[in-house]
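Trainee: Mind looking at a prediction? Sequence and model below.
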Amino acid sequence: MQIFRHSSADTWKKKPLERRSATDRRPSVVDWITGFSDNNNSNSDWIPRNEDERLTRNGSVCAVEESQPNVSTQHKDLLISQLKKEVKVIMEEAVTKKMMDLNSPYVTSLCVAIDACLMDGLRRRLLGLFSCRSSLALIQILAKQNATAETILIKTYEFEGQTNIGPHLVWIREALHLRSLSTIIHHISTAKNIQRLYDKNSLMLDRAKGGMVAALLLGPCAVTFRRMASEEATAEELVERGGGINCGSYNSTKNRYQNGGVGSGDSTTRPPLSITRQGSSIVSSLDRNGSVSRDYVYSLHHNFKTSLLFGKNNVSVATDNNDQAKGYLSLHKNYDGNLTLKWIPNQLMHASSQPSSAHSNNGEFSNLWKNAIQIDMSEIIYIHLHQKDETSPACLTFVNCEGVQSAPLHLPAGQHTIAFLSSLEAGLAPILRLDPPLWIGSTKEKMLPRLRKRSTAVSASSAMLDYVFRLVRTSGAEPSIPPPNLNSQREIEEEEGDEEGEENGVGYKKGYNVSEMHDRCISLPNSPYIIDNVDSVVNFQIGKACQSMRNQILARAFYGWLSYVRHLRTIRQHLLHLVNTTKENGDESEYEVVDEKFWKECRSNPTAESETEFLRRVYYCGIESKELRRFAWPYLMGLYTWNEQNCEQRLEEYTRRYLNDIEEWRVLETEVRRRDEEAFIAARAKKTATPLREGSIINEVFEDEPTCSHRDDHEHLVVSFMANLHRIDKDVERCDRNLIFFSNKDNLESLRRVMCTYVRRNLEEGYIQGMCDLLAPLLVVFEDEALTLECFTILMARLRENFPQRSGMDKCLSNLRSLIQVVDPQIFQMLTASSDFTHLYFSYRWFLLDFKRELSYECTYKVWETIWSATRLEITENFALFFALALVTNYRDVIVTNNMDFTDMIKFFNEMAERHDCSRILTSSRNHVKCLQNLVQNLK
């Protein structure tokens with residue numbers, strides 16, 4: 001609060017009014033422009049003014065005294081400030097993500113801030129009347145008069161037991177998920193029945209700040225939230241749920257390439273046939289999870305979309321275990337005139353009627369949902385009715401145009417069967433009708449027709465209790481002929497010898513023209529007992545089904561052909577250069593692992609045939625042990641030629657050169673350490689020194705400005721080596737410290753010496769983060785610094801293009817994208833649906849470090865030597881691409897089932913690091929290479 005007191009109010013009586021001169025008046029903008037103001041005078045001094053004094057509009061001085069806000073106002077400001085911070089965090093996260101996790105801690109923090117605003121000044125004594133003294137009572141009050149609040153309350157009860165947070169936060173989270181939180185908060189601050197629950201000084205009743213809470217929540221309500229599990233499953237759990245990795249055989253992999261990614265057992269994107277079967281009943285596939293199942297149960301009642309024609313509980317159906325399950329049977333007529341028959345077990349009806357416990361245990365009701373029945377009556381042509389007598393229960397079975405029968409429905413004894421058939425007949429009119437139709441008795445009530453059997457050996461008084469009704473399509477121009485009544489039927493039954501009645505098989509009145517009724521039917525005759533006419537309803541329905549299947553088969557063939565053509569175009573444009581079709585790719589079973597015995601034979605007789613045999617064994621089976629790799633890898637990498645015998649002499653030469661390079665860069669290291677020490681001392685002295693005068697700052701800046709143009713070669717060499725040496729020291733200290741080999745400081749120093757020597761030889765290229773990861777496995781295998789350096793140089797010649805500032809990585813990601821598009825279109829479509837997946841950056845580390853971070857050391861050895869042998873055999877120089885493809889395709893079920901986004905993919909493969917089944921993935925990689933070779937060869 002501000003109190004204004006004019007200082008001129010006490011002195012206006014003492015001083016007479018005087019005309020102010022031009023020099024005393026305040027300068028204006030015009031005066032300043034024309035030069036009249038004293039501001040243009042450079043010698044004028046600024047007069048300090050008391051900052052507590054303010055000028056009024058008339059120029060008089062007023063003293064300002066500000067009062068401190070009370071505790072209630074400070075608390076409101078604190079709540080609003082905290083809410084603003086949480087909203088800012090949510091909006092910043094929403095910018096980088098398309099959908100946010102509803103169970104994330106950011107959302108929980110926002111709910112806590114909103115709950116604190118709602119609880120400010122709330123009279124908790126009155127809340128005791130609503131069974132809870134929290135903000136949940138507010139939504140309970142609103143639910144009585146607001147449909148949105150009622151929906152939020154139902155959602156709160158549904159998910160209350162599935163989260164670790166309290167119900168007073170769950171309802172806020174669910175309102176945020178439904179994008180109605182801002183509306184609910186605004187209603188709370190304005191509703192009169194809610195205002196009586198707050199004190200006068202509460203935040204929600206504040207005229208200025210009460211509306212800010214709802215206004216601040218407009219942004220979070222516009223964000224799309226996704227509901228995920230409260231506890232995210234680990235990568236191993238996801239793989240176990242998916243049944244392990246999907247390592248396809250060569251035949252299945254071949255089918256994927258030839259059929260455009262469609263192999264045996266693989267789901268495709270082409271349209272499936274629309275006929276769905278489940279057990280012995282015709283059931284439409286529906287998801288029975290959460291609110292979907294409850295909405296399905298609500299749809300069984302009369303609503304604005306469908307009209308309920310018939311409903312009966314305790315109707316029994318045989319389950320898969322041959323048990324009789326009782327449930328609710330209902331017949332509905334949709335807005336388009338079609339009829340739908342539904343049956344659902346009683347347990348699901350009871351569970352879905354309780355929002356707090358509905359589907360709390362989805363496993364308990366999963367089997368029950370499999371027994372639910374939904375039948376489209378437009379596909380039914382026969383209805384079988386079986387009944388022992390009029391006082392026994394009846395059994396109804398529905399048969400569609402393909403001859404598939406539904407599960408038998410057992411109706412209780414009584415008139416329920418007549419009531420159902422009457423409702424069905426009324427719902428079918430005027431397009432369809434039952435044949436034979438229900439009869440009308442003397443009391444104008446419907447009853448089953450009294451039909452006589454064909455055989456004359458049976459007494460005519462015996463009535464048929466087994467009926468076969470057909471759904472007949474009637475003419476729309478003329479009304480159907482009404483069936484005869486009961487009295488006329490009794491007269492006909494007395495005439496047992498009537499030849500016309502025996503011929504027709506139905507006891508219609510004499511002179512009743514059946515052909516006239518047949519002419520008024522579109523698809524079939526009136527009675528199933530006329531055998532000299534073609535059953536046109538069956539032909540019509542079967543023809544309709546065949547036409548539909550024919551169209552779908554043609555559509556599938558067309559989409560398959562189109563996908564195949566697109567994949568061939570991708571192969572011609574992007575994948576032809578990845579494999580060499582002139583080199584035959586053998587079978588894995590034909591070769592054995594390279595052991596010590598075979599290696600000795602190769603070295604005793606180093607021929608071209610033994611070299612090829614050696615390379616093929618390495619490609620398919622690998623090398624047996626690390627000790628054998630120490631001798632075989634230099635030949636495999638091309639450091640030594642296959643015919644070279646005296647390798648010790650070359651190794652001595654490499655060692656001599658290596659030691660000379662060490663001595664050279666040791667001198668540079670000494671200079672670097674000296675400069676680092678001087679820089680540290682100078683920085684410390686500069687921090688503790690007294691402030692310098694203003695003029696010396698300019699001189700210091702000009703003295704410290706670098707003069708690169710005047711540096712000599714030695715200075716440039718020292719500076720460049722200094723920058724690389726600092727990077728090497730950081731990476732060496734954190735390189736695989738969990739490995740026993742590098743827990744020894746001497747081995748870490750060996751790693752540092754080899755890396756520094758390589759950087760000294762390739763100073764223009766310099767050190768790039770990740771080189772230590774590539775060097776470490778070589779040092780572990782060779783345990784010789786000079787030999788490790790030479791092999792590392794060969795390895796970097798291949799991987800150098802994948803490092804930053806080069807084009808190799810873009811080529812790898814582009815080729816991997818094309819391979820996934822050809823092999824698995826479904827997962828490609830899922831990956832490319834998001835802009836984050838366009839370049840498949842989740843595989844960036846794979847190609848940068850040659851899968852070293854993804855695999856254990858032993859698996860890294862196998863993968864590397866397979867890559868080198870594939871290059872030496874000229875099968876492919878890009879085997880790393882096929883190994884990356886195998887990593888994606890072998891986890892495709894896990895990726896597709898969990899609908900992983902970019903962040904989920906990175907998290908999944910990070911957790912699966914060093915846990916992959918390397919042998920199976922290598923087998924899948926070789927199958928991919930072989931299939932692409934065959935496909936490219938056929939194209940040529």
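Mentor: Perfect, I can see it now.
Trainee: So in terms of bridging, what pairs with Lys446?
Mentor: Legend: beta-bridge partners of Lys446 under DSSP bridges are Ile440.
Trainee: Distance-wise, check it relative to Thr474.
Mentor: 18 Å (C-beta to C-beta, to the nearest Å). C-beta here means a position set from N, CA and C on the backbone, and glycine is covered the same way.
Trainee: what does Ser316 give?
Mentor: 33 Å.
Trainee: Arg650 too?
Mentor: Taken as C-beta to C-beta, the span from Arg650 to Thr474 is 98 Å.
Trainee: what's the answer for Ile139, then?
Mentor: 54 Å.
Trainee: who has more neighbours, these two?
Mentor: Taking neighbours as other C-beta atoms under 10 Å, Ile139 and Thr474 compare with Ile139 leading, 25 against 22.
Trainee: which ones are touching the closest residue to that one other than its chain neighbours?
Mentor: Leaving aside its sequence neighbours, Ile139 sits nearest to Trp171 (C-beta to C-beta, 6 or more residues apart in numbering; 5.0 Å). By C-beta atoms under 8 Å, 6 or more residues apart in numbering, the contact list for Trp171 reads Ser135, Leu136, Ile139, Ile152, Leu153, Lys155, Thr156.
Trainee: So the last one lies in a helix, does it not?
Mentor: What that stands for is Thr156. Yes: under DSSP: H, G, I helix; E, B strand; the rest coil, Thr156 sits within a helix.
Trainee: Am I right that it is in contact with Val170?
Mentor: Yes: the pair Thr156 / Val170 is scored as a contact, 5.0 Å apart, by C-beta atoms under 8 Å.
Trainee: Enumerate the positions of the helix or strand hosting Gly427 that are buried.
Mentor: Element membership of Gly427, judged by DSSP states H and E, is helix 416-428. Residues His416, Thr417, Ile418, Phe420, Leu421, Ser422, Ser423, Leu424, Glu425, Gly427, Leu428 are the ones in helix 416-428 that count as buried (16 or more other C-beta atoms under 10 Å).
Trainee: measure His714 to Phe721 for me?
Mentor: 11 Å.
Trainee: before we move on, what about Ala94?
Mentor: Applying C-beta to C-beta to Ala94 and Phe721 gives a distance of 46 Å.
Trainee: Between those two, point out the one with more neighbours.
Mentor: Phe721 (21 against 18).
Trainee: after the helix or strand hosting that one comes which helix or strand?
Mentor: Assigned by DSSP H and E, Phe721 belongs to helix 713-733. Note on helix 713-733: by DSSP H and E, the next helix or strand toward the C-terminus is helix 745-761.
Trainee: Which elements pack onto the helix holding Gly427?
Mentor: strand 306-318, strand 324-334, strand 339-345, strand 380-387, strand 394-400, strand 432-435, strand 446-447 (3 or more C-beta pairs under 8 Å, 6 or more residues apart in numbering; DSSP states H and E).
Trainee: Just after the helix or strand hosting Glu93, pick out the following helix or strand.
Mentor: Per DSSP H and E: Glu93 is located in helix 71-96. Using DSSP H and E, the next helix or strand after helix 71-96 towards the C-terminus is strand 100-101.
Trainee: about what we covered before: tell me if the residue nearest to Ile139 really is in a helix.
Mentor: Yes: under three-state DSSP, Trp171 sits within a helix.
Trainee: which residues touch stretch 796-808?
Mentor: Tyr758, Glu765, Ile768, Gly770, Met771, Leu774, Met809, Cys812, Phe847, Leu848, Asp850.
Trainee: what number of residues lie near the first one?
Mentor: If you count neighbours by other C-beta under 10 Å, Tyr758 ends up with 22.
Trainee: Now Ala372. Its backbone dihedrals?
Mentor: phi -60, psi 140 (degrees, to the nearest 10).
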